Structures are given as structure tokens and as C-alpha cells.
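J.: Structural data only, the sequence is not supplied:
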Ligand code: C2E
Ligand code: CA
Ligand code: CA
């Protein structure tokens, strides 16, 4: 497909002209010839001139449906990838079934992924195609041998069984075997067993006794020079039952071709390990075996993902990566038993089938064995590499009863381990449900961001006399499907995939606009505090985001406060402090949220250019019963005051919590005791209310 004389052409069929140009530009690095068009019919008529092409097909075209387009693709060598604007798994699945090589969701990252996807599709010969190539090769070889046979270019050998002697060999037979004549064979002590091992001979005779017809068999025959040949043998027992006749011809080349083809289809060419297909087959067999034997049979699949291996390929050259993969493969093979299967499953992923486990506890030993493979350094091109891997485990029969499920679940477990930054994870059905749910939420959130399906609730912060001194903005997602979703159910997910930046910009805008509105309507000006995630704080244009929203809404910076978490600041401390300093200069206040739960270094805390510490509600909650929380709350207040910070206690629900905090000179209070977070239209009431009422 990708040989130089026969390069495929890439068709970009996308009606959005800008996007079409962007795609064309993005894939220009691949140096394939491209044809861009905004109409499907136009593309189809142009495609007729090409033998090989890859079509990047927009799901929605102005003149023809994608389904119709696909049905009219003129040649099977024209591959296509479907590009969908919806994160709609069903569409993708539908088109994969219609023969799409892959699918792409046109999200913010897809342009960057495109070159890799194209490379993958164009270099990947599908299995059916491999099989077809293999079959063609076999037919060719078979037919050439047929013609040899017709021309009687076969060996013919007759043997007397009672004394093991060779009675006759024809000329071609002698040529194949390398002897001058039959006597030369008989001179040997083993006689015809010199040619066919006595064990095989016994089997043949046994089989021949049973039936009269000719027995056709592929056997290994030993030549005079001791080399072995694969021969197709046609064996007949003659009337007196003491004589057999063997017609044979050399099929060594065919056997080798078969082996080579099998090797291509079922083995990874770099490491010589079984590939995905063969591994799947082994797992299937293991299931069949286990089903036949007793029900207590367990076995395990361990999925192994190399950590940050792509970096090596990027920084060094592919040869270095390949050499490391080969070393890993051979080390992995060394740690397993004969009946286990190690597979190079995909790129930087390996998979091992450990058959016949005595108990589940064995798995810990296996995981340790795998980790031990990575405890020693690897060397490639005189450079030392320290590599590591993450594993995921699935167990038969607990985690699935088909090969696909068991392997997929082991992979899910590995992904889970990577996500949690741990070395190993067992498959867990509940976790899986969580992964599926998170995936759905990510997709729904994309639309929510576009439609701004978020509202902000405001929770007052009050002072000692119960006057409102500020508000905290707390987001709620108004999902059409799920109703009002609380932040803890989607903020962590949005943080993980970066959508949080867009979401927080929406919250910033709404909060600043609302605060400005209150001020314009004559209320006492107070600060509105917006929560900012670690991810957003890390972004180079974070400060620009803040300035833009202030400018857009006309709120003066002194009325904006930002809440960062302790751990968020610590994640990237130098950069965080520099940014907080900038905010300070701009007149924007900063507080540290959830204080006491992170791992702040008290030594560095005094260098933080912040205004306020918020005592986490987990401490407030257990006041006045829990001595430890009381001590911590007191200590935080003292510490903050010594460093010149104000203190806010959040999560106050009861009078005695408030009394305790007041006695210890906490500056501001926030909690259900005063008000839950409420929509802005409910605020004026609260503004007037004081806790002493
Ligand atoms: P947080 O910043 O610690 O916000 C305080 C949370 O405590 C809020 O929960 C609030 O409703 C709740 N709370 C306040 N007073 C009381 C009380 O007396 N008792 C109890 N039990 N809870 C009280 P909410 O609104 O569910 O928000 C949860 C978290 O979601 C927030 O914790 C914050 O980490 C995150 N969050 C909310 N909005 C945003 C946002 O715009 N950006 C980011 N990054 N995070 C947000
Ligand atoms: Ca907060
Ligand atoms: Ca908090």
C-alpha cells in the first residue's frame, strides 16, 4: 500500500472550507498527494481515476449522505476514515461496520492526531488481506507442484516390512534422498528406518493395517546427508501385507512458505512474539480447556503497558525503540512457564496469558516477576535506559468468559492503574462502569460547554456581625439528561481532560457580570470568589483569561477573588507564585482553599503572596467534639494571623461551631448555617439577613 511507486492519494472530503484547509495543511507533513473537495459527488467522480486512496470523509456532506458515499466508493483499495462532528459512538460503530478503517471525532485535539491515524491506517494490512495474500501464495505453490507430479517427477520407494529392506527406489527418488541406489540404503543397520524414523514407521503401519486405501501424509524424510525434507507421501500396502509402496515428493519449500506466511499473520515481526490474533486464539483455547476441566480452573491475563515509551521513540530514533522492545520481549519470555503465552499486543503494549493458576494469590508473584523485568536497566546504542511498566490484571472466570472481554478488561485495568499512577490494577466491574460513565460525561460536557449549560450559585461569606463580606461562586451543570449535576461529579473529569479551562472561563464571566450587576444596582460592593483548578492555573494564558473576563464584564479587579487549592499551588509552585504575584499587582485577591488537607510546606507558606486561608470544612465539621480538629483549626487561625493572612471557616452548620470559631478569632464564616449556595435572584434576602436575627 505504501510503496513509493504506488502511493495512495489522500482525499479530504469536508464541506467546512476552513477545516478542509486546516486538515490539508496538517497532513502535508506526511508528503502524500492530497485532493481536497467540499462536495461528496465531486469526490466520487474524482476517485474513479485512482486505484488507491484514503478518504477522510466528513459525516455530514451537503450533497450526499455519508452512507451513500461509502456505498459508491469505486474500488476496495480505496479506504476511508469517517470524521464525525458528534461524539457519537453509534455513528462511529455504524461506519466501522460499513468498512471504515477508523473514525475521528472532530474535537479540539483531532488535527494533531490525524497524521498518526493516517499512518496507522496506511501501514496496517488488515488480517483478511494478509489471509488473501497467504492463500494466493499457497495456490501458486500448490499448482506448480501439481505440474511436477503430472510429469512424474516423484520418488517411488517400495519396502519389505518383514526385514525392513528397501526393495526399489526410482531415479528421482534416489535424487531426492541423495543415495546412489537401494543397496546403499540397506547397507545401513537401520535400513529404511534410516529414511523414516522407526516411530513414524510404526504409526504408518498401524494406520495402514486399519484401512485398505492409500494413506496420504506429510512426513519428514531423512536424506543421506542427514538433512530433513518435508515430503508429501502417498503410502499403499500391497496384497501380501508385507510390502508397502511410498510415492513421495519434496514439499519443503511449500512448508517453509506456509511457515513464513503463518509467521507473518500470527507473529510480531520485530520481537517474534505472538501478535494480537494469535494471543486471542490462545486465550480462546485456554477457555475451552478450562470449560472441559473442572470448574475451579482459573487463569489470568496481565496487560503490560510501557510507561512513556513514546517519548523514547520521539527523542531517540525508532531503531533504539525497537532494540528496547526486543530486549523487553526476551526478558518477558524468560519469566514465564512453557504453557504461558507472551504477546506483543500492540506497539508498546505486551500481554501475557498465565495458564493454570493454583490460586489468585499467585498473581502477586506474577506481577512481581513482570516488574522485576524492568528493575534492571536496558542498553541500546551504548545508552542506558531505565524503563518501567504498568500492569492490569483480569481473571478467568471472574472477569469474563470470552477472550475479547478478558483481554479488554485487563487493558481497562491497566488504563485505570495509569490514571491513578499506580503500578498495577485488578479489573473491577464497578470501576469499569465508572469509566464508561466518565466517558459519557466527557462527551456530554463538550456540548454543555458549547451551549453554556451551566449556572452559578452564590454562597455568602459573613463577618463576625453577620454582614455579608463576599460570595463564593459555585458552579452547577444543568444537564438536559441528568438534571442539576453537582460540581464534584464533573469538575474532576473536566480537570483531567482540560475542558475545565473553558468551564471556568464561563464561571468567571457569569460571576464577574453578576457582581457588577449587584454593584450597579446599589448594593454594598463585596468580593466574589471564583474557584480555580490547578489545571487552569498552570496554563500560560491563565492571567489573560482573568483580564479578559474582567474587561468583558467591567468588574473592577479589587472585587474579584480567586480560590486556589493548596495542592494546586504546590503542583507547580514557582510558576504558581509568579502568577499569584501578578494577580496581586493587578489588585485581585487570592485565597487558599481546603487548607489543612493538602501537603503545604509551612516553611513556604509564608512566601505565598495570598490574602486568605480557608479552613477546610472537614475540620469545622467535627468541632466542638473532636479534639484533634479543634487543635488544627486553632493552629490554622494562629498560623494565618502570624503570617498576616485572614481566615475563612467554611462548612459551618451549627451554632456551637460558629461560637468556637468566633472565640478563636476567625475572621469570616461560610456555611449552611448562614445560607446554602443559592441562585443570584435569591441573594438580596440573604444580604439583609444576619445570623444574630
Ligand atoms: P469548595 O470550593 O470547597 O466549595 C465549598 C463546598 O462546600 C460547596 O459545595 C458548598 O456547597 C459546600 N458547603 C458550603 N457550606 C456548607 C455547609 O455548611 N455544609 C456542607 N456540608 N457543605 C457546605 P459544592 O458547591 O458542591 O462544590 C463542591 C466543590 O466543587 C467545591 O468545593 C469546589 O472544589 C468545586 N467547584 C465548584 N465550583 C467550581 C468552579 O467553578 N471551579 C472549580 N475548579 N471548582 C468548583
Ligand atoms: Ca472554594
Ligand atoms: Ca473548600
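T.: Noted; the coordinates are in hand. Small disclaimer: the values here were computed from a predicted structure and weren't measured. Numbering: from 1, shown residues only. Ligands and ions are numbered 1, 2, ... in the order given.
J.: which bits of the chain sit near ligand 1?
T.: For the chain, the residues in contact with ligand 1 (Cβ under 6 Å from any ligand atom) are 459, 474-475, 486-488, 491, 504, 507, 531-533, 593-594, 617, 650-653, 670-672, 677. Just so you know, the C-beta spots here come from the backbone N, C-alpha and C atoms, and that holds for glycine as well.
J.: run the last query once more with 5 Å
T.: Taking Cβ under 5 Å from any ligand atom as the contact definition, the chain meets ligand 1 at 474-475, 486-487, 491, 507, 531, 533, 651, 653, 671-672, 677.
J.: which of those come close to ligand 2?
T.: Restricting the residues of the chain next to ligand 1 to those within reach of ligand 2 (Cβ under 5 Å from the ion) leaves residue 531.
J.: Run the chain-centre distance for the longest strand belonging to the chain.
T.: When the chain is scanned for its longest strand (criterion: DSSP state E), the result is strand 468-479. Between the centre of strand 468-479 and the centre of its chain there are 36 Å (Cα atoms, centre = their mean, to the nearest Å).
J.: Any part of that strand near ligand 3?
T.: No - taking Cβ under 5 Å from the ion as the criterion, strand 468-479 and ligand 3 are apart, separated by no less than 8.5 Å.
J.: Report the rounded mean pLDDT for the very next helix or strand once past that strand.
T.: If you walk from strand 468-479 toward the C-terminus, the next helix or strand you reach (DSSP states H and E) is strand 483-485. Strand 483-485 shows a mean pLDDT of 95.
J.: can you pull out the helices in the stretch 401-550 of the chain?
T.: Applying DSSP state H, counting those that start in this stretch to the stretch 401-550 of the chain gives helices spanning 403-419, 429-451, 491-497, 500-520, 534-538, 542-553.
J.: out of the ones you listed, which comes closest to residue 273?
T.: Comparison of the helices of the stretch 401-550 of the chain against residue 273 by Cβ to Cβ identifies helix 403-419 as nearest, at 15.0 Å.
J.: if we can go back for a sec, mark which of the residues of the chain next to ligand 1 are buried, thanks.
T.: Buried residues within these, defined by neighbour count using 16 or more other Cβ atoms under 10 Å: 474-475, 487, 491, 507, 531, 533, 651, 671, 677.
J.: which two from those residues end up farthest apart in space?
T.: By the measure Cβ to Cβ, those have their two most distant members at 533 and 671, which lie 22.6 Å apart.
J.: give me the low-pLDDT residue ranges for the chain?
T.: Screening the chain residue by residue with the criterion pLDDT under 70, one finds the ranges 1-6, 86-90, 93, 124-153, 210-212, 239, 294-295, 598-603, 684-693.
J.: show me what contacts residue 539?
T.: Applying Cβ atoms under 8 Å, 6 or more residues apart in numbering to residue 539 gives the contacts 501, 545.
J.: For ligand 3, see how far away it is.
T.: With distances defined as Cβ to the ion, to the nearest Å, the gap from residue 539 to ligand 3 amounts to 22 Å.
J.: now do residue 290
T.: Distance from residue 290 to ligand 3, counting by Cβ to the ion: 51 Å.
J.: Skip the chain neighbours and tell me the closest residue to that residue.
T.: Residue nearest to residue 290 in three dimensions, not counting chain neighbours: residue 297, with 4.0 Å by Cβ to Cβ, 6 or more residues apart in numbering.
J.: show me the residues around the one you found that make contact.
T.: Taking Cβ under 8 Å, 6+ apart as the contact definition, residue 297 lies against 289-290, 356, 396.
J.: sorry, back to before: can I get the helices of the stretch 401-550 of the chain in TSV including distance to residue 70?
T.: Converted to TSV, the helices of the stretch 401-550 of the chain look like this (distance: least, Cβ to Cβ, whole Å):
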stretch	distance to residue 70
helix 403-419	26
helix 429-451	24
helix 491-497	31
helix 500-520	34
helix 534-538	39
helix 542-553	42
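J.: Domain map for this protein?
T.: Each domain of the chain is listed here as a residue range: 9-125, 129-257, 267-427, 453-682, per automatic domain parsing.
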